[in-house]
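Student: missing the sequence, but the structure's below:
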C-alpha cells in the first residue's frame, strides 16, 4: 500500500467523519426541544474531519520520512561487514542492495550471497514497517474520529476550535518563507565550511588562478591553489557594469519620458510592450546573445580590422572580438534588465507629488529643468534602490552568461575577451557526474554562498532605501 | 541688462535643451522597441525551417531476406517488431542510383536518409502486415544535411570542401527533384516525438509534458501555500511584531534571490537529504514552488488589501467571525487579483532554466515522461540543450522551441491581463 493510497483512504475517512458529526449536530437541532447549537452544524463536521485526518497525517509523514533511515540502520547493525566499512563505501553497498530489492528478489541476479541476504532482510523490515505504519495511521484516524464524536455537545465551541486550527495552518504556510531561507543557508553553509577548511578564504577571494579541473588529484589542489575565484568575481562585475551602462540610461530616460512627457494613450501601449522584454525567459536572451549578437560582434570586429588594413592604419589592428565576449553578454543582459529599471523608476517618478512639479513650472522652468532639478532629486533614493535591485539581478543572472560569455577564467578588463562568472562556474561545477564531496563540488557551494550573501546585502539595502523613500511622500 | 532680458537671452538655449531631452526619451524608447522586434524577428525567422521536413519518395521492397525474416506466410507482431529494417531504405536508394559503386559515395547515398527512417518503415509494416514481401511506394524521411540543403540553408555555390553536402549528393537531389521525388512537408514529428540526437527526429513533446508535470506540481503546491501565507500576513498577523517583520523582509528578499541559489537548495535539500528522485518533474516543481511563492504572496496581499474595509465591517456587524469574513467575502472579491498574480508567477516559473540545471533536468531524455517521477526535461532547458548541440539543424529546432515557449507565455499573460481588465473593480 503506497502513501498515496493511504492518503486517499484518509481523505475518504475524513469526508465520512465530516458528514457523521454534522448529522449528529443537525439531529440535535431538529430534536423536539430545539436545542440551540453553539456553532453551525458545518463546523461540527469540520471538527470531526480535522480530528480524523490531522493526527494520522502527521504520523504518516513523519513515519515515511524516517522509515528509510531506520531500516538502513537496522540492516547495517545486523551485518558486521557493513557496520565496519566507512561512510562512502556503505552508501554504495546500500544502493546496490536497494537496486536488488527494487528489481525483485525472485530474479536472483546477484552473485554475492551477502547482497541477497541483506535484500531479504530489507524487504522483511519494509513489510513490517508498512504494516505498523498502516495500522497506526488508521488506528489514529479512528481514535480521532471517536474523540471528536464523543467530544461534541450542543454547547461545544466547534467554530472556535476549527478556526483556530485554520489560523495555525495559515501561520505554517507563512513560515515556509523562513524555512526556505533557512534551507538555502543550510544547503550552502555546511558545504562552504567544509570547503574553507581546505582552502583559506583569503586565497579563495583574492587568488587569481581558477582551474578547478585539476582538483581530481587531491595532493595537487592545496599546493597549486586552483581555487582563486577573483577572476570569476571580476567577470561578474565586468558584465554587470556593461549591463548597467546599457540599462541604466535607457531605462531611466525611457521611464522619465513615459512618466512626464508621453500622452496616456502612448504610455498605455508602449509600457506593456516594453514589459514583454521582462517576461522573455532568460534562456531566450542567452540563445540570442550566443547565436546572433556574439557572432555579429566578432564579424563587426573582423570587418573593422579589414577596414583598418585597407587604409594601412593601425587603429583596429589589435581588435579581436572573440565570439563569446563579455560585451555581447553584457549588452543583452542590459536589455534584459532595462524593463526592470524602467518600471521601478516609473513607479518612483510617478510617486513624486505634483505639487513639486507645479511649483517648479510656476517659477518659469521648462519641463526638462523641472525633471532634472526637482523631480529627479526627489525621486533619487527610489531610483538608486531600483538600480541596486537591478545590479543584484545582473549578478545573479545565469543563462545569458552561461551561453554567451564562455567558461574560461580570464582576468581581463577588455570587454571583447571572453570572461566567466560566478553563476556560470556554479553550473559548470554542479552539472555532469562527479562525487558529491569532492572539493570541486564544494567550491561551487562556496561560490553560491558568496553570491547569496552579496545579493542579500544588495536586496536588503535596496528594499530599505525604497521603503524609506516611500514613507517620505505618504 | 535687466532680468527679463537675461531670461530671454537664454530662452532659445533652454528650449533647445528641452527638445533635445525629449528626443533622447523617444530615442531610448525606440531603441528598446527596436531591440525587442529584432529579437522576436530573429528568432522567428530562424525557427521557420524547423516547421517543415524533407521526405524522399522511394519504392521500398520489403523482401524477407533483408528484413532477416524466416520464410513464412504470416508473422506475429513481435517478429515484425524485431525484424531488421535498416537495409530497406538503402536498398531502394541503391536501386534508384545503380551507377553508384564506390564505397564512399555509397555511404553518402545511405546518409541521404535519416537514421530514423527504419522506425517509420517498421511502423508502416506493423500497420499493414501484408507489406512483407511486396514493394511499396513510400515517402521516407531525409537526413538532416539533405534536409538543410533542400531548405536552402546550405548554399550550393560555395566550394565543395566547405560544404556539408558533397557535389554528388547535390546531383542526386537534383535528379530526385526533377522526378518530383522530394517533398517538404509540415514537421508533425516536432510536436509528437521526444528528444533525439538527430535533429530531423527530435521533437518537443517530451519537454512539453515535462513542463506540464512540473507546472502541475508547482501550481498545486504554491497556490494554496502562498494564498494561506498572504492571508495570515495580511489579516491575522499581529502588527508591529518583530518576527512578523522578519517574515516580511524574508519574503521580499526571496523574490530577489538569484534563481540558481534555489537550484542549489533543491540539490542539497530535496535530492541529497530527502532523496527525491533526480531529474524528475516532482523535484523541479518543488524548487519552482519556492521561487513562485514570493510572487504570489506579494500579489495576493495587494489584492487582499484592495478589498475595502466597508465590506469587512458589514460582514462583521451581522455576526460573521473573522474567518468567515475572509472566506465568504474578502477572498472571493480578491480572487481575480490573486489569479492574475498566480498566472504571472506561473509564467515566470515556466520560463525558468537555471535552477533546473542544478537538479539534473538537463540530462538527455529521449523517452516521454509519463508521471511526475519519470526523468524529464522542460521547455526552457530543452532550448538550452539544443542550443548547445553542434548539428546545424538544431538551430532551427531551438528557435522553434523558443517560439513554442513564447506562445505559451504569451497566452498565459494574455489571460492574466484579460482577468485583470474584466474583474477590475473600482470601489
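Tutor: The structure has been received and is ready for your questions. A quick note: this is a predicted structure, and the numbers were derived from the prediction, not measured.

Student: what about residue B:167, neighbour count?
Tutor: By other C-beta atoms under 10 Å in any protein chain shown, the residues close to residue B:167 number 11. All C-beta atoms are positioned from the backbone trio N, CA, C, and that covers glycine.

Student: Excluding chain neighbours, what is closest to it?
Tutor: residue B:160 (5.2 Å; C-beta to C-beta, 6 or more residues apart in numbering or on different chains).

Student: surely the one you found meets residue B:171?
Tutor: No - using C-beta atoms under 8 Å, residue B:160 is not in contact with residue B:171; the gap is 11.5 Å.

Student: Residue A:413: how many residues sit nearby?
Tutor: 9.

Student: ok, the closest residue to it other than its chain neighbours - contacts?
Tutor: Once flanking residues are discounted, residue A:413 sits nearest to residue A:238: 7.3 Å by C-beta to C-beta, 6+ apart. Counting by C-beta atoms under 8 Å, 6 or more residues apart in numbering or on different chains, residue A:238 touches A:326, A:330, A:413, A:415, A:419.

Student: Out of the residues you listed, the closest to residue B:218 would be?
Tutor: residue A:330 (31.3 Å; C-beta to C-beta).

Student: In this structure that closest one contacts residue A:415, no?
Tutor: Yes - Residue A:330 lies in contact with residue A:415 (C-beta under 8 Å); the separation is 6.8 Å.

Student: Please enumerate the shared neighbours of those two.
Tutor: Joint contacts of residue A:330 and residue A:415 (C-beta under 8 Å, 6+ apart) are A:238, A:242.

Student: And the pLDDT for the residue in the stretch 251-400 of chain B that chain A sits nearest to?
Tutor: Among the residues of the stretch 251-400 of chain B, residue B:258 lies closest to chain A, at 2.5 Å counting by C-beta to the nearest C-beta. Reading off the confidence values, residue B:258 has pLDDT 93.

Student: Next: the one 4 residues further on.
Tutor: Reading off the per-residue confidence, residue B:262 sits at a pLDDT of 94.

Student: Let me see the contact set for it.
Tutor: A:184, B:287, B:290, B:291, B:355.

Student: Excluding chain neighbours, what is closest to the fourth one?
Tutor: Here the nearest residue to residue B:291 in space, its sequence neighbours aside, is residue B:262; by C-beta to C-beta, 6+ apart that works out to 5.2 Å.

Student: ok, the residue nearest to residue B:270 when sequence neighbours are not counted - how many residues close by?
Tutor: The spatially closest residue to residue B:270, leaving aside those adjacent along the chain, is residue B:276, at 4.6 Å (C-beta to C-beta, 6+ apart). Neighbour count of residue B:276, defined by other C-beta under 10 Å: 18.

Student: Out of the contacts of residue B:262, which end up buried?
Tutor: By neighbour count, with 16 or more other C-beta atoms under 10 Å in any protein chain shown, the contacts of residue B:262 hold A:184, B:287, B:290, B:291, B:355 as buried.

Student: I'd guessed the second one sits against residue B:263; true?
Tutor: Yes - in this structure residue B:287 lies within contact range of residue B:263 using C-beta under 8 Å: 6.4 Å.

Student: what residues are shared contacts of these two?
Tutor: Shared contacts of residue B:287 and residue B:263, defined by C-beta under 8 Å, 6+ apart, comprise B:355, B:356, B:359.

Student: which ones are touching the first one?
Tutor: I take that to be residue B:355. So residue B:355 contacts B:259, B:260, B:262, B:263, B:266, B:287, B:288, B:291 (C-beta under 8 Å, 6+ apart).

Student: So it versus residue B:285, what's the distance?
Tutor: 11 Å (C-beta to C-beta, to the nearest Å).

Student: measure residue A:405 to chain B for me?
Tutor: Residue A:405 sits 14 Å away from chain B, going by C-beta to the nearest C-beta, to the nearest Å.

Student: Just want the phi and psi numbers for the nearest residue to residue A:396 once chain neighbours are set aside.
Tutor: For residue A:396, ignoring the flanking residues on the chain, the nearest one in space by C-beta to C-beta, 6+ apart is residue B:258 at 2.5 Å. With angles defined as degrees, to the nearest 10, residue B:258 sits at phi -60, psi 140.

Student: now residue B:236
Tutor: phi -110, psi -20.

Student: Let's see the pLDDT reported for residue B:241.
Tutor: pLDDT, residue B:241: 85.

Student: Next, give phi and psi for it.
Tutor: According to degrees, to the nearest 10, residue B:241 has phi -120, psi 130.

Student: quick check, nearest of the contacts of residue B:262 to residue A:97?
Tutor: residue B:287 (29.4 Å).

Student: Tell me which other helices or strands the helix or strand encompassing that closest one touches.
Tutor: Counting by DSSP states H and E, the element that carries residue B:287 is helix B:281-305. Counting contacts by 3 or more C-beta pairs under 8 Å, 6 or more residues apart in numbering or on different chains; DSSP states H and E, helix B:281-305 is packed against helix A:158-196, helix B:205-231, helix B:242-254, helix B:259-265, helix B:331-350, helix B:354-358.

Student: Contact partners for the residue of the stretch 251-400 of chain B closest to chain A?
Tutor: Residue B:258 neighbours (C-beta under 8 Å, 6+ apart): A:392, A:393, A:395, A:396, A:397, A:398, A:423, A:451, A:452, A:455, B:354.

Student: so can I have JSON lines of these showing neighbour count, secondary structure and distance to residue B:195?
Tutor: Formatted as JSON lines, the contacts of residue B:258 follow (neighbours: other C-beta atoms under 10 Å in any protein chain shown; DSSP: H, G, I helix; E, B strand; the rest coil; distance: C-beta to C-beta, whole Å):
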{"residue": "A:392", "neighbour count": "25", "secondary structure": "helix", "distance to residue B:195": "34"}
{"residue": "A:393", "neighbour count": "23", "secondary structure": "helix", "distance to residue B:195": "31"}
{"residue": "A:395", "neighbour count": "21", "secondary structure": "helix", "distance to residue B:195": "32"}
{"residue": "A:396", "neighbour count": "25", "secondary structure": "helix", "distance to residue B:195": "28"}
{"residue": "A:397", "neighbour count": "27", "secondary structure": "coil", "distance to residue B:195": "26"}
{"residue": "A:398", "neighbour count": "27", "secondary structure": "coil", "distance to residue B:195": "22"}
{"residue": "A:423", "neighbour count": "27", "secondary structure": "helix", "distance to residue B:195": "25"}
{"residue": "A:451", "neighbour count": "26", "secondary structure": "helix", "distance to residue B:195": "30"}
{"residue": "A:452", "neighbour count": "24", "secondary structure": "helix", "distance to residue B:195": "33"}
{"residue": "A:455", "neighbour count": "21", "secondary structure": "helix", "distance to residue B:195": "33"}
{"residue": "B:354", "neighbour count": "26", "secondary structure": "helix", "distance to residue B:195": "20"}
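
Student: Need the residues you listed in CSV (columns: pLDDT).
Tutor: Shown next, in CSV, are those (pLDDT from 0 to 100):
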residue, pLDDT
A:392, 93
A:393, 92
A:395, 94
A:396, 92
A:397, 92
A:398, 92
A:423, 92
A:451, 93
A:452, 93
A:455, 92
B:354, 92
